[in-house]
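Below are the sequence and a predicted model for it; my questions follow.
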Amino acid sequence: MRRPTSPSLYLPYARLATRQFQLGLASARVIQTRLARAAAYDPRALAPRDRAELTRMVTEKVFAGAESGQAWGLGILAWQASLARAWVGMFAAPWLGVGSSPLQVWQRAMQTGAVVTRRHAPRIVSRALTPIARRAHANDRRLARATRTAAGRS
């Protein structure tokens with residue numbers, strides 16, 4: 001008989017899905033604003049502000065990707081360390097006098113690995129998305145503010 005799963009098991013995944021949805025909305029608004037500005041100007045006569053915006057866009061993408069990769073790698077290392085600690089404890093059980101059969105030890109190790117993975121997976125992805133989301137939301141606010149200011153001047 002299967003054990004019922006608690007709602008808290010799915011809560012990290014729901015939070016992650018919400019963050020991804022918010023990131024998608026912010027990114028869409030930033031892309032829309034930047035494309036509208038690019039379409040409004042002659043490409044041969046880019047204003048210095050537009051050149052700075054294009055340079056900033058490329059630079060931010062590179063830095064956000066690097067930070068995201070670093071967060072992903074550190075998260076994977078933490079997950080592997082937790083998994084190793086759990087498995088070493090399980091495989092050491094017969095030598096510590098617990099008296100389990102090798103099959104029982106293997107089954108416990110697999111269950112422990114699944115629990116550790118369920119706990120770490122949403123955290124790893126969330127931490128990897130954080131630098132990208134932070135920059136996308138900041139760009140969304142900055143470009144919306146600049147658009148409101150430009151609309152107020154006209």
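In hand now; what should we look at?

lowest-confidence helix or strand of this structure?
Least confident helix or strand of the chain, by mean pLDDT, DSSP states H and E, is helix 102-153 with a mean of 81.

Which secondary structure elements does that one sit against?
If you count contacts as 3 or more CB pairs under 8 Å, 6 or more residues apart in numbering; DSSP states H and E, helix 102-153 packs onto helix 11-40, helix 48-91. C-betas here are computed from N, CA, C, even on glycine.

ok and that helix relative to helix 11-40, angle-wise?
If you take axes from the mean of the first three to the mean of the last three CA atoms, to 10 degrees, helix 102-153 sits at 30 degrees to helix 11-40.

still on that earlier bit, in TSV: the helices and strands packed on helix 102-153, plus mean neighbour count, mean pLDDT and distance to Leu103.
Shown next, in TSV, are the helices and strands packed on helix 102-153 (neighbours: other CB atoms under 10 Å; pLDDT from 0 to 100; distance: least, CB to CB, whole Å):
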stretch	mean neighbour count	mean pLDDT	distance to Leu103
helix 11-40	14	86	31
helix 48-91	14	83	12
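
distance between stretch 12-26 and the chain's centre?
9 Å (CA atoms, centre = their mean, to the nearest Å).

hang on, the earlier thing: could you tell me the angle between the least confident helix or strand of the chain and helix 48-91?
160 degrees.

any idea how far helix 102-153 is from the chain center?
Offset of helix 102-153 from its chain centre (CA atoms, centre = their mean): 3 Å.

And the residue nearest the centre of the protein?
With distances taken as CA atoms, centre = their mean, the residue of the chain nearest its centroid is Leu129 (2.3 Å).

quick one: that one and Gly24 touch, right?
No - the pair Leu129 / Gly24 is not scored as a contact, 10.9 Å apart, by CB atoms under 8 Å.

Roughly how far does Gly89 sit from Leu83?
Gly89 is 11 Å from Leu83, where distance means CB to CB, to the nearest Å.

Likewise for Ala64?
Relative to Leu83, and taking CB to CB, Ala64 is found at 28 Å.
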